[in-house]
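Undergrad: sequence first, predicted coordinates after that:
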Amino acid sequence: MNKFQKATSLIEEHYKNNIAINLSPSYGYRSRCEFGYKNNFYTMYSPVGDIIYLDTFKVARPSIQALMPKLLNQINKSNVLKTKLFQINFRSNRKNRVLVSLIYHKLLDDEIKGLANKIANIFNISINLRSKNDLYSTHSDLLEDDIEHLETTLYQTDQSFYQPNHFHMPEMVTKAMSFVKDPKDLLELYCGSGTFSLPMRKLFNKIFATENNRQSIRCLKRSIDEQDIKNIFHARLSAEEVSKLFAGRVFKRMNGINISDFNFSHVLVDPPRAGLDKDVIQLISKFKNIIYISCNYETYARDVRNLESFTIKNIEIFDQFPNTNHLEIVSLLTKVK
């Protein structure tokens with residue numbers, strides 16, 4: 001069976017209707033790419049652990065593909081740039097602006113900073129130099145991304161989570177929004193940089209968005225401040241800490257936010273591939289509507305099975321990771337008992 005058949009076979013226990021599958025172009029879709037650097041090449045690992053050497057990557061967005069060999073040439077002809085360089089990351093936005101991060105096992109001196117500025121100007125890109133406890137940016141370490149039809153500006157850094165598929169990201173958000181009926185307030189766990197919470201501010205009275213990653217929360221705050229958004233409240237809390245919060249624990253990171261001021265009609269979860277732990281399952285079971293975004297159909301099916309009082313109301317599959325065994329699920333679960 002292919003991955004779509006495997007996913008639907010696991011989910012059909014909980015959902016009997018046909019599941020729409022949204023396909024993606026197989027190439028040119030990734031706006032976020034991470035590579036090693038070795039022997040004057042970018043490197044990746046095959047599924048069996050073999051090292052792969054490459055100078056471009058056709059899965060990446062065209063803006064990244066075009067830059068990769070040119071940047072590699074600049075790095076390889078400079079001992080300063082290539083010495084103790086071990087990782088090169090790329091991010092691209094919808095206007096084809098590229099943010100590159102060069103990550104080193106050495107101190108960042110004035111010479112390497114000067115070379116980074118020179119290359120950034122040549123290619124009209126932003127470059128981050130990173131080493132342990134040190135960051136230098138030629139312009140800004142933030143990359144802005146406008147999702148115009150959602151009236152939303154998002155930010156990302158090299159260390160924040162951001163949906164990788166250029167085509168599917170806005171489609172998934174739009175689909176999740178279409179599932180929402182009778183909204184009041186929204187609790188969001190694993191909110192990242194605000195991919196879902198920022199557009200959903202148009203639907204809900206208030207949103208309480210939580211995320212454990214410092215850089216993601218920084219990006220969310222930047223969006224909130226720049227767009228003067230008044231109905232999104234955020235705190236740097238893990239999903240497990242949010243469970244403890246609802247059980248009565250006090251966190252200074254709440255900064256005066258009181259959950260008793262919210263009237264939550266929905267909770268949105270977008271966990272990592274490991275899915276939800278039992279405490280989070282217990283927490284979200286208290287809500288009437290669960291918007292569940294998943295990148296692992298196996299843990300999704302497990303979690304839905306554990307949410308015994310819920311049924312899948314709406315669900316669609318997005319092939320966010322073509323040519324791999326992974327896919328993305330956007331769904332709404334509603335309480336039936």
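TA: Thanks, I have it.

Undergrad: ok, now how distant is Arg236 from Leu189?
TA: 12 Å (C-beta to C-beta, to the nearest Å). C-beta coordinates here come from the backbone N, C-alpha and C atoms, glycine included.

Undergrad: identify the contacts common to the two.
TA: Thr210 (C-beta atoms under 8 Å, 6 or more residues apart in numbering).

Undergrad: those two: which has the busier surroundings?
TA: Leu189 (25 against 19; other C-beta atoms under 10 Å).

Undergrad: where exactly do the helices run in the stretch 51-200 of the chain?
TA: 62-76, 79-82, 110-123, 168-178, 197-200 (DSSP state H, counting those that start in this stretch).

Undergrad: partners of the helix or strand following the last one in the sheet?
TA: What that stands for is helix 197-200. Using DSSP states H and E, the helix or strand that follows helix 197-200 in sequence is strand 206-210. Strand pairing for strand 206-210, using DSSP bridges, gives strand 185-189 (parallel), strand 232-235 (parallel).

Undergrad: low-scoring stretches of this structure, by residue?
TA: 337 (pLDDT under 70).

Undergrad: domain ranges for it, per the record?
TA: Under the assignment automatic domain parsing, the domains of the chain span 3-24+167-335, 32-142.

Undergrad: now render those domains as CSV, adding distance to Gln159.
TA: Shown next, in CSV, are those (distance: least, C-beta to C-beta, whole Å):
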stretch, distance to Gln159
domain 3-24+167-335, 4
domain 32-142, 9
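
Undergrad: just say which of those domains is most tucked in.
TA: domain 3-24+167-335 (a mean of 18; mean count of other C-beta atoms under 10 Å).

Undergrad: look at it and report the distance between its end residues.
TA: Terminal residues of domain 3-24+167-335 are spaced 28 Å apart (C-alpha to C-alpha, to the nearest Å).

Undergrad: distance between that domain and the chain's centre?
TA: Per C-alpha atoms, centre = their mean, to the nearest Å, the displacement of domain 3-24+167-335 from the mean C-alpha position of its chain is 12 Å.

Undergrad: repeat for stretch 55-72
TA: Averaged over its C-alpha atoms, stretch 55-72 has a centre that lies 21 Å from its chain's centre (C-alpha atoms, centre = their mean).

Undergrad: can I get that stretch in CSV, CA atoms only?
TA: Output of stretch 55-72 as CSV, limited to C-alpha atoms (Å, rounded to 0.1, in the frame of the first residue of the first chain):
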residue,chain,number,x,y,z
ASP,A,55,25.3,21.1,-5.2
THR,A,56,21.6,21.9,-5.6
PHE,A,57,18.3,20.3,-4.5
LYS,A,58,15.3,20.1,-6.9
VAL,A,59,12.8,19.6,-4.1
ALA,A,60,13.6,23.2,-2.9
ARG,A,61,11.8,26.3,-4.0
PRO,A,62,13.3,27.7,-7.3
SER,A,63,14.8,30.7,-5.4
ILE,A,64,16.8,28.3,-3.2
GLN,A,65,17.7,26.0,-6.1
ALA,A,66,19.2,28.8,-8.1
LEU,A,67,21.2,30.2,-5.1
MET,A,68,22.7,26.9,-3.9
PRO,A,69,25.5,26.3,-6.5
LYS,A,70,26.4,30.0,-6.6
LEU,A,71,26.7,30.2,-2.8
LEU,A,72,28.6,26.9,-2.7
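
Undergrad: any idea how far Thr334 is from Lys181?
TA: If you go by C-beta to C-beta, the gap between Lys181 and Thr334 works out to 9 Å.

Undergrad: do the same with Phe57
TA: 41 Å.

Undergrad: could you measure from the residue nearest the centre of the chain over to Arg302?
TA: Taking C-alpha atoms, centre = their mean, the centroid of the chain lies closest to Tyr162, which sits 2.8 Å from it. Noted for Tyr162: a distance of 26 Å to Arg302, by C-beta to C-beta.
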